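Student: Sequence and computational prediction follow.
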Amino acid sequence: MEVPSDGRAAALVGTLCYRECRMFRGRGTLCCWLTDSSPELPHDIQMLSTVAKLKQIKARLQGTAEAAVAVPYEVTCVCGEPVAGMRRKSWIEAECQTCLQSVFVLPANVYPSTPSVPSEILGGSFADRLKVVLAEVLPKRDGKDVAKEKINKRGSAVEPADVGAAAATAMPPQKVRWRLSLPSIDIKAVVVRTLTPFRLLMLAMIAIITLTGYWMTYQQAIEAAHQTWLKSADEAQALLEDKEFLQLQTVLTAAVDAGRVLGKDDPEWRATLNLLQETQAINSIAGGSLLLAFRRAYDDERRLVDGAEALVGDEAGTGTFVFDSYLQPHPVREGVFLMDFPATPTHRVEVTIPIPQISALLRAIGDQRVLFAGRIQYVEAPAAGTSDAWNLQLDPTSFVLLTHTDHCEQIGLSPEDDPDVTTILTRQRDFVESSEQWEHRVDDAVIQSKPEQTSEVRSRRRSDHND
């Protein structure tokens, strides 16, 4: 019998002859010489087909075992040689090919694997089973392959014989750096999942309902403001003729609010707004006399008394005052106008009005008398023993031109006593109705607070200077 030179074929033939030898062992037939070569049958048995391997992987992932999947075994004989084969449903008695000694082999384990008893059936969770299957399926890389990969990446020309040396002299492991791994969010998927057609429809309905409600509310407010504006015109005229100024202020306030809602910006609106400001000034007219306060600020020898500034200031803060005088630009301060107020025989009294829009008034009426009302913001007295002037700063937010004779008659300025009053009022009313900027005069006002230097300090400095 010719023996093939291939080792695997020799092993197979040797095994067959070995079995024949068992059959004729008693007759002295010796065919065991073929088994001297290293048997590779156990390795061949472990090399399962692709379909069988896939079935085995599926069963192991499910935690079961297919009946057709073979379970290999490998035990060591008493002579030291391995005995391998495939397990069966029941126990078997295998024989060692070297010493012909019988070896007892357990059947295939049908229970899940444990740390002490392995089995083809994997236990634990799916993640644990997947980890075991991947460890079996994925190829293992030894140190030589890793070293060869690193050397090839560096571009070094290293022979295969030097791979082991390169792996031995590999770089020591570097320190592990932990990196924060943030989850990636698919914005497009989130938007598509969030803004579903139903939700978009609901949002559109809510937007339409909201806009409709707002529009209805706005239209109702416009209608109510229009009715208030028309009604206030007749009521205001009647109350003005009856000199019911408190009720007139209430009606005009409602009319001005309605005009702002309607967006009024015409002569009628400007006349109504100025009439409200006039009425407020007349209703808050000062109860005392500013001239009398200036007289008390001097003694019999026409010298300032102690606390003269506080005396005049207290009287000036009691309410609104009406002035009838001429206005002229301040010689130093731009946008500020002066008015002479002959209240004392010793010192001049200057009333400063920090409203730049007065220049438009003076261009419209020329160098004429002006009737206006306003509150005094602060009083600054001159230093004792000097010829400095009193300074009365008018509050620009309270400045208002008088335009109706009924208001002037209320404060004792009757057109019957001064025929020019009617002409002045008419001239000022025409300016208020025609000027588009006059109602915004406070926006350009030159606001200035009272200087910290008091009259007592100025007096002491004046005395020190004379010494």
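Tutor: That came through fine. Numbers count the residues shown, from 1 in each chain.
Student: what secondary structure does Glu350 sit in?
Tutor: strand (DSSP: H, G, I helix; E, B strand; the rest coil).
Student: contacting residues around it?
Tutor: 338-341, 389-392 (C-beta atoms under 8 Å, 6 or more residues apart in numbering). C-beta here means a position set from N, CA and C on the backbone, and glycine is covered the same way.
Student: ok, which stretches of the stretch 151-300 of the chain are helices?
Tutor: Under the criterion DSSP state H, counting those that start in this stretch, helices of the stretch 151-300 of the chain are mapped to 163-168, 187-194, 197-241, 245-262, 267-283, 290-296.
Student: Buried deepest among these, which one?
Tutor: Among the helices of the stretch 151-300 of the chain, helix 267-283 has the highest mean neighbour count (mean count of other C-beta atoms under 10 Å), at a mean of 20.
Student: Show me what that one is packed up against.
Tutor: In terms of contacts (3 or more C-beta pairs under 8 Å, 6 or more residues apart in numbering; DSSP states H and E), helix 267-283 is packed against helix 197-241, helix 245-262, strand 320-325, strand 370-380, strand 400-401, helix 405-410, helix 420-434.
Student: which neighbours does the shortest one have in its sheet, and in what orientation?
Tutor: Right, strand 400-401. Applying DSSP bridges, strand 400-401 is found paired with strand 370-380 (antiparallel).
Student: The partner strand: which residues count as buried?
Tutor: Buried residues in strand 370-380, counted by 16 or more other C-beta atoms under 10 Å: 370-380.
Student: Next secondary structure after it?
Tutor: Using DSSP states H and E, the helix or strand that directly follows strand 370-380 along the chain is strand 390-394.
Student: How about residues contacting that following strand?
Tutor: Taking C-beta under 8 Å, 6+ apart as the rule, strand 390-394 contacts 294, 312, 316, 341, 343-344, 347-354, 374-382, 448, 450.
Student: ok, now which ones touch the nearest residue to Asp324 once chain neighbours are set aside?
Tutor: Closest residue in space to Asp324, ignoring its immediate chain neighbours: Leu371 at 5.4 Å, by C-beta to C-beta, 6 or more residues apart in numbering. The neighbourhood of Leu371, defined by C-beta under 8 Å, 6+ apart, consists of 322-324, 401-402, 408, 413, 421, 424-425, 428.
Student: cutoff 10 Å now
Tutor: 322-325, 401-403, 407-408, 413, 420-421, 424-425, 427-428 (C-beta atoms under 10 Å, 6 or more residues apart in numbering).
Student: Same check on Gln357?
Tutor: Applying C-beta under 10 Å, 6+ apart to Gln357 gives the contacts 335, 396, 399, 435, 437-445.
Student: So, low pLDDT: which residues of this structure?
Tutor: 1-49, 63-70, 110, 113, 115-120, 122-124, 139-183, 447-467 (pLDDT under 70).
Student: ok, now how distant is the residue nearest the centre of it from Leu195?
Tutor: The centre of the chain sits closest to Ile187, judged by C-alpha atoms, centre = their mean, with a distance of 19.2 Å. In this structure, Ile187 and Leu195 are 12 Å apart, going by C-beta to C-beta, to the nearest Å.
Student: Check Phe245 too.
Tutor: 61 Å.
Student: Would you mind measuring the gap between the ends of stretch 403-423?
Tutor: Stretch 403-423 has its terminal residues 10 Å apart, counting by C-alpha to C-alpha, to the nearest Å.
Student: what residues does that stretch touch?
Tutor: 239-243, 245, 248, 271, 274-275, 277-279, 281-283, 285, 320-322, 324, 368-369, 371, 373, 400, 402, 424-433.
Student: if we go to 7 Å?
Tutor: Residues lying outside stretch 403-423 but in contact with it, judged by C-beta atoms under 7 Å, 6 or more residues apart in numbering, are 240, 243, 245, 274-275, 278, 282, 285, 322, 402, 425, 428-429, 432.
Student: and the two most separated of these?
Tutor: Comparing every pair within the contacts of stretch 403-423 by C-beta to C-beta identifies Lys243 and Val432 as the most remote, at 21.1 Å.
Student: Can you pick out the residue with more neighbours from these two?
Tutor: When Lys243 and Val432 are compared for neighbours, Val432 comes out ahead with 21 against 12, by other C-beta atoms under 10 Å.
Student: Hmm, Trp438 and that one touching each other?
Tutor: Yes. Between Val432 and Trp438 a contact is recorded at 5.8 Å, counting by C-beta atoms under 7 Å.
Student: mind listing what Ser289 touches?
Tutor: When the contact criterion is C-beta under 7 Å, 6+ apart, Ser289 has no partners at all.
Student: how near is it to Gln237?
Tutor: Using C-beta to C-beta, Ser289 is found at 33 Å from Gln237.
Student: cool, Arg363 as well?
Tutor: 31 Å.
Student: would Gln368 count as being in a helix?
Tutor: No. Using three-state DSSP, the assignment for Gln368 is coil, not a helix.
Student: so how many other residues sit close to it?
Tutor: Going by other C-beta under 10 Å, the residues that sit close to Gln368 add up to 15.
Student: do Ile355 as well
Tutor: If we define neighbours as other C-beta under 10 Å, then Ile355 has 22 of them.
Student: Please tell me I have it right and it contacts Ala445.
Tutor: Yes. Between Ile355 and Ala445 there is a contact under C-beta under 7 Å: 5.4 Å.
Student: Return the distance of Phe372 relative to Glu439.
Tutor: Phe372 is 15 Å from Glu439, by C-beta to C-beta.
Student: Could you measure from His330 over to Val133?
Tutor: 98 Å.
Student: swap in Phe104?
Tutor: 30 Å.
Student: Same question for Thr217.
Tutor: Counting by C-beta to C-beta, the gap from Thr217 to Val133 is 69 Å.
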